[in-house]
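S.K.: Attaching a predicted model along with its sequence, questions to come.
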Amino acid sequence: HTERTLRRWRRSRDAAFGFDAVLSQHTISAVAAGLLGRRWRVPVVFNFLDYLTGFMETWPAVFTRTGFVPWLNRFERTLPRRFQADGVMTVSAPLAERFRATGYPADRLRVIQYGYDAGRFRPEACEPAEGAGPGGPVVVMHGSFDTHHLGPIARDCLLELHASHPEVRF
């Protein structure tokens, strides 16, 4: 898609146009970004907001008992080194360490701490959300309860949380 967009742009607007860098969002686009970066000779940065194979224990056994999962896990961890990414952003320090352990340079890793930060997110200091009503706080989750979004792990967590805090709406 990106390659077609570049060709179209060059035909219709500016034959010399080129992208300055490629940023991949999630593991799923890292291979394409790495290949484009090589072909276009531009910097590539990977943003790993999660670890695609990090929650494979929630996947059906047909995937987890084949030997494919360990291979996929190793492949994912080596993407930054394999494509000589100019930078990697990770959601956490432990994830950054996994990339560093493959030989990827530590000075190119940036931990962005994407997610909940109790020091910055203080719901008690906020006004109630519009429509929250008398039922208490409202929790919203992106995605779904499919295997990629934790499946039974998320479901069990929400059930336990609701049992201990029935005033919370999900």
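M.R.: Okay, I see it.

S.K.: Name the surrounding residues that touch the strand or helix carrying Leu6.
M.R.: Under DSSP states H and E, the secondary-structure element containing Leu6 is helix 2-12. Contacts of helix 2-12 with the rest of the structure, by CB atoms under 8 Å, 6 or more residues apart in numbering, involve Ala16, Phe17, Gly18, Phe19, Val22, Ala32, Leu36. No exception for glycine: its C-beta is placed from N, CA and C like everyone else's.

S.K.: Can you tell me the closest non-neighbouring residue to the fourth one?
M.R.: Distances taken as CB to CB, 6 or more residues apart in numbering put Val42 closest to Phe19, at 5.9 Å, once the chain neighbours are dropped.

S.K.: for the biggest helix by length in the chain, the distance to its chain's centre please.
M.R.: Longest helix of the chain, by residue count under DSSP state H: helix 68-82. Taking CA atoms, centre = their mean, to the nearest Å, the mean C-alpha location of helix 68-82 is offset from the chain mean by 15 Å.

S.K.: residues near the residue nearest to Gly18 when sequence neighbours are not counted, how many?
M.R.: Spatial nearest neighbour of Gly18, excluding adjacent residues (CB to CB, 6+ apart): Trp40 at 6.6 Å. When neighbours are defined as other CB atoms under 10 Å, Trp40 has 17 of them.

S.K.: before we move on, back to that, against Leu6, how distant is the residue nearest to Phe19?
M.R.: Val42 sits at a distance of 11 Å from Leu6 (criterion: CB to CB, to the nearest Å).

S.K.: how long is stretch 35-47 from one end to the other?
M.R.: The distance separating the two terminal residues of stretch 35-47, taken as CA to CA, to the nearest Å, comes to 16 Å.
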